[in-house]
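Colleague: Fold the stuff below for me.
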Amino acid sequence: MSPAPPPGLDLVHVCCTSSFAGVERHVSELAAAQAAAGHRVTIVGGDLDRVRAVAGHAVTVLPGHGVPGALRSLRRVRRPDLVNVHMTAAEVSLGLAWWLRGVPVVSTRHFASPRGSRLIARPAVRLGARRVDAQLAVSHYVAEHVDGASTVVLSGVRSDPGRVPAAEREPVVLVAQRLSPDKHTDMAVRAFAASGLAAQGWRLSVAGQGALLAELEQLADDLGVGDTVDFLGYRADVLDLMRRAGMFLAPRIDEAFGLSVVEAMARGLPVVAAGSGAHLETVGGTPGAFLFRPGDAEDGGRQLAELAGSPDLRDDYGARLQAVQREQFTVDEQARRTQAVYEGVL
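Modeller: Residues are numbered from 1 along each chain as shown. Below you'll find the model as predicted:
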């Protein structure tokens, strides 16, 4: 009698980057859960040290910056049972990896736009798309804005066992995102200024780096809140900042998912978010969610002021957000639903 096959699958995730933002965290968390379930998992791409820190020692992590870097690493892995690609460049790399032909490919769509809308040649995009056997979308909002049919698998985060009460938190409104035009960080500064909280001892802390730093600093000065707005730059301790902050502000209008928002929910941190994009699926899944009219800084400021004025309301709202995260946005549930899609193409 021949021996039984080994348990689990050989899985490879590909993201052609050398950074660590929402996509790379998504991949790292999912890979950790898959490894815990008995699969043999390799990640190609991302900031290697930070990916390893989240994914854990059971996951193999290889460099994959750009399509050439991903192809070099894909040459090193043994033929997997399935490859999960993330973003268009990763699809292109699989289209060029002729030695992996016949291996099922699942593409996870992280952005609410058609593939190839960025600086990648259309023929290469089409080549990569032809290799895709199934497509996931990280939110219904993304599924509605990408090309091709998608199965929605909401991203998850690790739940936090505790929740810091409002009375023990600092009077800080936290924003965590890149300082780039698509993130609408200027709306966060305007909403904070409109809230009047600066005069009540609150501060706005912005964790993130980007090209708009000087412009945002000038905006804060022009609005009279420059002395109470802290631009923290890149921070590796955002989760700790969330445990200490009093509120979280998410101003992006067209958010594809917003992993940082769900991380805030996991810590029972009250979230005020633009009432659009995938915020309607994350924060919006909570009764009485604080969602302001997209692009309306005055409305965002009013909601910040309402929450700031009542520690009991912040505690109640934070508890409701945390309950929704634990029910709908866990890594285990994400891994389970992802596995179902994998099984459909194997």
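Colleague: And the least confident helix or strand in the chain by mean pLDDT, what does it pack against?
Modeller: Lowest on mean pLDDT, DSSP states H and E among the helices and strands of the chain sits helix 122-130, with a mean of 79. Here helix 122-130 touches helix 88-96, going by 3 or more C-beta pairs under 8 Å, 6 or more residues apart in numbering; DSSP states H and E. For every residue, glycine as well, the C-beta is placed using N, CA and C.
Colleague: Which other helices and strands does the helix it packs on contact?
Modeller: Using 3+ C-beta pairs under 8 Å, 6+ apart, helix 88-96 sits against strand 10-14, helix 66-74, strand 82-86, strand 105-109, helix 122-130.
Colleague: before we move on, the earlier item: quick check: buried residues in the least confident helix or strand of the chain?
Modeller: 124-125, 128-129 (16 or more other C-beta atoms under 10 Å).
Colleague: Give me the buried positions along stretch 28-46.
Modeller: Residues of stretch 28-46 classed as buried: 28-35, 39-46 (neighbour count, 16+ other C-beta under 10 Å).
Colleague: Take those and keep only those in helices.
Modeller: Here DSSP state H is the test, and the buried residues of stretch 28-46 give 28-35 as lying in helices.
Colleague: quick revisit: lowest mean pLDDT across the helices and strands packed on helix 88-96, which one is that?
Modeller: When these are ranked by mean pLDDT, helix 122-130 comes last with a mean of 79.
Colleague: I'd like the next helix or strand past that one.
Modeller: The helix or strand immediately downstream of helix 122-130 is strand 134-137, counting by DSSP states H and E.
Colleague: With just CA atoms, put that next one into PDB.
Modeller: Extracted in PDB, the C-alpha atoms of strand 134-137 (Å, rounded to 0.1, in the frame of the first residue of the first chain):
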ATOM      1  CA  ALA A 134     -10.400  32.400  -9.400                       C
ATOM      2  CA  GLN A 135     -10.600  35.900  -8.000                       C
ATOM      3  CA  LEU A 136     -11.100  37.100  -4.500                       C
ATOM      4  CA  ALA A 137     -12.000  40.700  -3.400                       C
END
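Colleague: what mean pLDDT would you report for the helix or strand just after that strand?
Modeller: Per DSSP H and E, the first helix or strand lying C-terminal to strand 134-137 is helix 140-145. Helix 140-145 shows a mean pLDDT of 96.
Colleague: Any buried residues in helix 140-145, and which?
Modeller: Buried residues in helix 140-145, counted by 16+ other C-beta under 10 Å: 141-143, 145.
Colleague: Next: stretch 179-195.
Modeller: 179, 183-195.
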